[in-house]
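Asker: Quick one, what's the 3D model for this:
(one chain, ligands or ions: 1)
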Amino acid sequence: MSSAQSSPVERIATEGYDVVVVGAGFAGMYMLHRLRGLGFSARLFEQGGGVGGTWYWNRYPGARCDVESMQYSYSFSEELQQEWDWSERYAPQPEILKYANHVADRFDLRRDIQFSTRVERAAFDERSNSWSVTTSDGKTVNARFVVLATGCLSNARKPDINGLENFKGPVYHTGNWPHEPVDFTGLRVALIGTGSSGIQSAPVIAEQAKHLTVFQRTANFSIPARNAALTDEEREAFRKNYPEIRRFAREVARNGIYAQQPDRGALDDDADARRGKYEARWERGGLTFMYVYNNLGLDRTANDTAANFVRGKIAEIVSDPETAKLLQPNSHPIGTKRICIDTDYFATFNRPNVSLVEIKTNPIQEITANAVRVAGTDHEVDALVLATGFDAMTGSVAKIDIRGRGGQTLNQKWAEGPKTYLGLMSAGFPNLFIITGPGSPSVLSNMIVSIEQHVDWIADGLVHMRKHGLATMEAGRAAEDKWVTHVNEVAHGTLYPQANSWYMGANIPGKPRIFMPYIGGVGVYRQICNDVAAKGYEGFVMERAVQPEAAAAS
Ligand code: N01
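Answerer: Residues are numbered from 1 along each chain as shown. Reported below is the predicted structural model:
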């Protein structure tokens, strides 16, 4: 498209880029690679100083992926998946970041990436059918297409806790951790938040700190990771079976993870058989605990059997009965908030240098210069760790001033909740794609499986447009409304909306309560996307450029 030929579509491209990609995480990097392979010109802007996205920012102690390394990796290059050696069952953050850097080097991606540059504004010009993209260095470039690869959990959220700004010691957020080593030796540390990040970091901080006080608003379900070094034999077995493993992850497994699938519901087994199965999965460890049975996300009675099992395990592990009781989750069905995967989280509360403060009934009153005050008691600390999560799925998109047709902003359009067709595009914003956006399986799946599917689908769409001389592609309003309704209906057929989760936007005061990801499963979703494309991009509106002569005559 970037060759200097005569159609208006092509002339625009020579003044800028065919595509601007925002974000150099796993989504943006693969998008860039595909675009270049197809002969599109592309520029990628990344606000961080390096590639890796989530894994660039989340450097907190104990950070590691909760999807097994051999599966949390790109599948698009056979050479890449055969040559890279993962060291552990669950890769630690530094190793995933090293992998991201390896990919950037191996595919020579950096020459088209501008680091330390935020995209601040993107405005669609209806006359030229192109986007004008303004970056934090004050420059503006033109692009026919913009692809938002801004990540679902990339906008770290500082909580509105009274007095936080008065704290005299260092304050860290797990989602925006310093690049320099942080040493807690000899310090009293407060950890606020007990989601995946808090649960992963608590045991590691506790080993170093003089004292760790964990402030828990909602107790969470967590399953042991059973992390271990990968043996050569294990790696080899995966490599040999990759074609089948990848196919299964894409087409069969709901969450994009190759694992044994359940063949029955929890109430189809008697109590002994059920307990045996839960024990076996607990011993194996990891996310697949939730795949013992096929109705844990659907039926509350079935769900209770798994939740009771985990509550029982917490009581067995934690020595102090009162602490154990506080750590037993009761506010939501198991799995309806993202289940956590830990290494020694519950056992950490048996350490003499760790204490738990429950802040549901007595919220934090204030943070003072040197303490966290709860129910009139000052818990004195030297450092604060905020593991308080993200403005998920929409937060990073909302930070960009995006203006579509008629100058409408995406934030205005999404004021009552995100609206997309297939999570990929939003009506009124032509030629703007979102990778793993709200309305797609994204955060309910192995992210890399979902990322590759979206990138390939977008790449195919651009090739289709080039082949047919089309200038714009846009979600149709009717198709979008229908999809939003469908996403909602599927979610409300499950137990998920019963939790005050970030899936629902419930962690951000004032954010609309909409179940954002598509829960139908990655295989079903992939088929829907493929069918839509096969039917000539059914539900999307695709238009040719108006030729200057025709425009002048009208
Ligand atoms: O964030 P979260 P996260 N006062 O939103 C509490 C992925 N991830 O960074 O539940 C006091 O889950 C909040 O309490 P409550 C994964 O998808 C993956 O841990 O709202 N507390 C909660 O306990 C995950 O789900 C990996 O009542 C406050 C915690 O902070 C997602 O990222 C590792 C508060 C936030 O939990 C987000 O995880 C890490 C306040 N004002 C993350 N505000 C792996 O791959 C919030 N909280 C392993």
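Asker: how about the nearest residue to Ile257, chain neighbours excluded?
Answerer: Counting by CB to CB, 6 or more residues apart in numbering, Asn446 is the residue found nearest to Ile257 once chain neighbours are left out, at 5.0 Å. Just so you know, the C-beta spots here come from the backbone N, C-alpha and C atoms, and that holds for glycine as well.
Asker: That neighbour reaches Ser73, doesn't it?
Answerer: No: at 9.7 Å, Asn446 does not count as touching Ser73 under the criterion of CB atoms under 8 Å.
Asker: more crowded one of these two?
Answerer: Neighbours were tallied for Asn446 and for Ser73 using other CB atoms under 10 Å; the higher tally belongs to Asn446 (25 against 22).
Asker: Next one: that one relative to the ligand, how far apart?
Answerer: As for Asn446, its distance to the ligand is 11 Å (criterion: CB to the nearest ligand atom, to the nearest Å).
Asker: Check Asp160 too.
Answerer: As for Asp160, its distance to the ligand is 6 Å (criterion: CB to the nearest ligand atom).
Asker: again with Phe515
Answerer: Look at Phe515 and the ligand: by CB to the nearest ligand atom, they are 15 Å apart.
Asker: so what pLDDT did that residue get?
Answerer: Phe515 is assigned a predicted lDDT (pLDDT) of 93.
Asker: Quick one: name the residues of the chain near the ligand.
Answerer: Within the chain, the positions lying close to the ligand (CB under 6 Å from any ligand atom) are 65-66, 153, 159, 161, 174-175, 192-198, 200, 217-218, 338, 341, 359, 387-390, 443, 502, 507.
Asker: Phi and psi next, for the residue sitting nearest the centre point of the chain.
Answerer: When the chain is reduced to its mean C-alpha position, the nearest residue by CA atoms, centre = their mean turns out to be Cys152, at 3.9 Å. For Cys152, the backbone dihedrals are phi -90, psi -30 (criterion: degrees, to the nearest 10).
Asker: my read: it touches Gly389, true?
Answerer: No: using CB under 8 Å, Cys152 is not in contact with Gly389, being 11.7 Å away.
Asker: where's the residue nearest to the centre of the chain relative to Lys158, distance?
Answerer: The span separating Cys152 from Lys158 equals 19 Å under the rule CB to CB, to the nearest Å.
Asker: for the residue nearest to Arg526 when sequence neighbours are not counted, what are its contacts?
Answerer: In this structure, Arg526 finds its nearest non-sequential neighbour in Gln453, 5.5 Å apart by CB to CB, 6+ apart. For Gln453, the set of contacting residues under the criterion of CB atoms under 8 Å, 6 or more residues apart in numbering consists of Arg250, Val522, Tyr525, Arg526, Cys529.
Asker: mind checking which helix or strand Gln453 is in?
Answerer: Element membership for Gln453, per DSSP states H and E: helix 447-467.
Asker: now swap in Arg127 and tell me
Answerer: Arg127 belongs to no helix or strand when elements are defined using DSSP H and E.
Asker: Repeat that for the one 5 residues further on.
Answerer: Secondary structure here is read from DSSP H and E; on that basis Ser132 sits in strand 130-135.
Asker: got the contact list for that strand?
Answerer: The contact list for strand 130-135 (CB under 8 Å, 6+ apart) reads 12, 16, 20, 45, 114, 117-125, 140-146, 431-432.
Asker: go again using 6 Å as the cut-off
Answerer: 12, 20, 45, 117, 119-124, 140-144, 146 (CB atoms under 6 Å, 6 or more residues apart in numbering).
Asker: circling back to that earlier point, distance of the residue nearest to the centre of the chain from Ser41?
Answerer: As for Cys152, its distance to Ser41 is 27 Å (criterion: CB to CB).
Asker: excluding its backbone neighbours, what's nearest the residue of the stretch 151-300 of the chain found nearest the ligand?
Answerer: Among all residues of the stretch 151-300 of the chain, Gly195 sits closest to the ligand, at 2.3 Å; criterion: CB to the nearest ligand atom. Spatial nearest neighbour of Gly195, excluding adjacent residues (CB to CB, 6+ apart): Gly389 at 5.7 Å.
Asker: All the helices of the stretch 201-350 of the chain, in order from the start?
Answerer: Chain-ordered helices for the stretch 201-350 of the chain, with DSSP state H, counting those that start in this stretch as the definition, fall at 232-251, 271-284, 300-317, 321-327, 345-348.
Asker: Hmm, I typed the wrong one, I wanted the stretch 351-500 of the chain.
Answerer: Using DSSP H, counting those that start in this stretch, helices in the stretch 351-500 of the chain cover 395-398, 410-413, 447-467, 477-492.
Asker: buried residues in the last one?
Answerer: Just to be clear, that refers to helix 477-492. Ala479, Glu480, Trp483, Val484, Val487, Asn488, Val490, Ala491 (16 or more other CB atoms under 10 Å).
Asker: and this protein, what are its domains?
Answerer: Described in terms of automatic domain parsing, the domain architecture of the chain consists of the residue ranges 3-155+392-553, 157-220+337-389.
Asker: Now render these as CSV, adding distance to Gly312.
Answerer: What follows is the domains of the chain, written out as CSV (distance: least, CB to CB, whole Å):
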stretch, distance to Gly312
domain 3-155+392-553, 20
domain 157-220+337-389, 12
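Asker: closest one to Gln261 among those domains?
Answerer: The minimum distance between Gln261 and the domains of the chain falls on domain 3-155+392-553, with 11.1 Å, by CB to CB.
Asker: which residues touch Tyr293?
Answerer: With contacts defined as CB under 6 Å, 6+ apart, the neighbours of Tyr293 are Pro262, Gly265, Ala266.
Asker: Switch those over to TSV; also include neighbour count and pLDDT.
Answerer: Listed next are the contacts of Tyr293 as TSV, based on neighbours: other CB atoms under 10 Å; pLDDT from 0 to 100:
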residue	neighbour count	pLDDT
Pro262	17	93
Gly265	16	98
Ala266	22	98
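Asker: which stretch of helix or strand covers Ala27?
Answerer: Ala27 belongs to helix 26-37 when elements are defined using DSSP H and E.
Asker: Quick check: mean pLDDT of that helix?
Answerer: Mean predicted lDDT for helix 26-37 stands at 98.
Asker: Which positions in that helix come out as buried?
Answerer: Residues of helix 26-37 classed as buried: Phe26, Ala27, Gly28, Met29, Tyr30, Met31, Leu32, His33, Arg34, Leu35, Arg36 (neighbour count, 16+ other CB under 10 Å).
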